[in-house]
Each structure stands twice: as structure tokens, then as C-alpha cells.
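> whatever this is, show me its structure:
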Amino acid sequence: MISDALKTKARKIKLVVTDIDGVWTDARIYYSDQGEVMKAFSYYDGMATALLSKVGIKTAIITGENSKPVALRAKKLKIEDVFLGVDDKINVFESLLDKYKLDPSEVAYIGDDLNDYAVMQIAGLTASPANTPAFHILKPDILLQRAGGDGAFREFADLIIASQQ
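A predicted model of the protein is given here:
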């Protein structure tokens, strides 16, 4: 349950931007001698993108990792705006504002670590998974009950959707 003030913020949302590692995953990366081979994603988070789309809210991904598993997951989910290997997330975030002609108050962001800080200072509604190591620094609007890789993105999407109905 979220406060009336957060529901008011959530009603404005037209785009949800998400980090991946630590949000859609449990922050683990599996390597073989050939490099990165596997990440585990929650089906709950994948369903969240479809649910958001049904109510007219787009999903975008901005991640610091240049990860083939992330690219493949985004392609399967038909996410149009996917930015991999990003060092400066704020520039990409601002380009999304321009592309969709949005005010920052119309964009939600979910992140879990220090590289999400700058974006979380300007996004209209912010959240972090329950297991974020940087809660005290990020100070998201919502500290979710679910952990990264265990449906945290879905929980955030459900809160936004419920606020808009």
C-alpha cells in the first residue's frame, strides 16, 4: 500500500525506466571461460511490461552492463528502448524525455545501486528492491517488499497501474 501522495505521483506516469542487474536479476552474473553466459529473470517482471503496455505505459531499460542476455530478454518482451553498457544514465534518461515529450514527473524509475542515483533525483516516482545495498543514499519514494530478481519490477508496475485505475 502506498500513500495518497505517492498515488498522485503514480497517476502521472507514462513511462517506466528500469535498471536490470539487481532489479530484474538477483545481482548475480554467471561466467564460464567463454564469458558471461547466464542471468536469471523473473517471469513476474516480464509480465509487468505487458501489463504496463495494456494501460498505455511504455517500459525502457538503461543498464550499465553490455549484456547479451539482457538484450535477448528485452527483444522477447518487445521493449523498444533498450540501452546497454551505459556509463551516464542521466543523458539517456533525458533523451527519453525528449523522445516522448515527457516531463520528469511523468517518468518512474527503479534502480538499486549508486549508478542509479542521478536519475533517481529527477524521476517523478522512484523505487528500489527490498535488497538494495544503497537505500540510505538513493532514498527512493518506495522501498519495495520484493527483492531484485524476485518480482520487484512487477511490484512497482502493479503499484503504478493500481494508482491509475
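> buried set for the helix or strand hosting T126?
Using DSSP states H and E, the element containing T126 is strand 125-128. Neighbour-count burial for strand 125-128, counted by 16 or more other Cβ atoms under 10 Å, picks out L125, T126, A127, S128. C-beta coordinates here come from the backbone N, C-alpha and C atoms, glycine included.
> for those, give me CSV that also has distance to V16 and pLDDT.
As requested, the buried residues of strand 125-128 are exported to CSV (distance: Cβ to Cβ, whole Å; pLDDT from 0 to 100):
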residue, distance to V16, pLDDT
L125, 9, 98
T126, 11, 98
A127, 10, 98
S128, 14, 98
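> quick one: residues contacting R73.
By Cβ atoms under 8 Å, 6 or more residues apart in numbering, R73 lies in contact with W24, F41, G46.
> in a strand, it, correct?
No: R73 is assigned helix when assessed by DSSP: H, G, I helix; E, B strand; the rest coil, not a strand.
> pLDDT score for it?
If you check R73, the pLDDT there is 96.
> lowest-pLDDT helix or strand in this structure?
strand 35-38 (a mean of 76; mean pLDDT, DSSP states H and E).
> pLDDT at the residue nearest in space to the middle of the chain, what is it?
Taking Cα atoms, centre = their mean, the centroid of the chain lies closest to T18, which sits 1.8 Å from it. Per-residue pLDDT puts T18 at 98.
> same deal with the one 5 residues further on?
At V23 the predicted local distance difference test score is 97.
> low-confidence ranges in this structure?
1, 36 (pLDDT under 70).
> all strands of it, in order?
All strands of the chain, identified by DSSP state E, fall at 15-18, 30-32, 35-38, 58-62, 81-83, 107-110, 125-128, 142-143.
> list the buried residues in the third one.
In terms of neighbour count (16+ other Cβ under 10 Å), strand 35-38 has no buried residues at all.
> helices or strands up against it?
strand 30-32, helix 68-76 (3 or more Cβ pairs under 8 Å, 6 or more residues apart in numbering; DSSP states H and E).
> sorry, back to before: identify the farthest-apart pair in the buried residues of strand 125-128.
L125 and S128 (11.9 Å; Cβ to Cβ).
> tell me where the chain has helices.
4-11, 43-54, 68-76, 89-100, 117-120, 135-138, 152-164 (DSSP state H).
> that's all I had, so thanks and see you.
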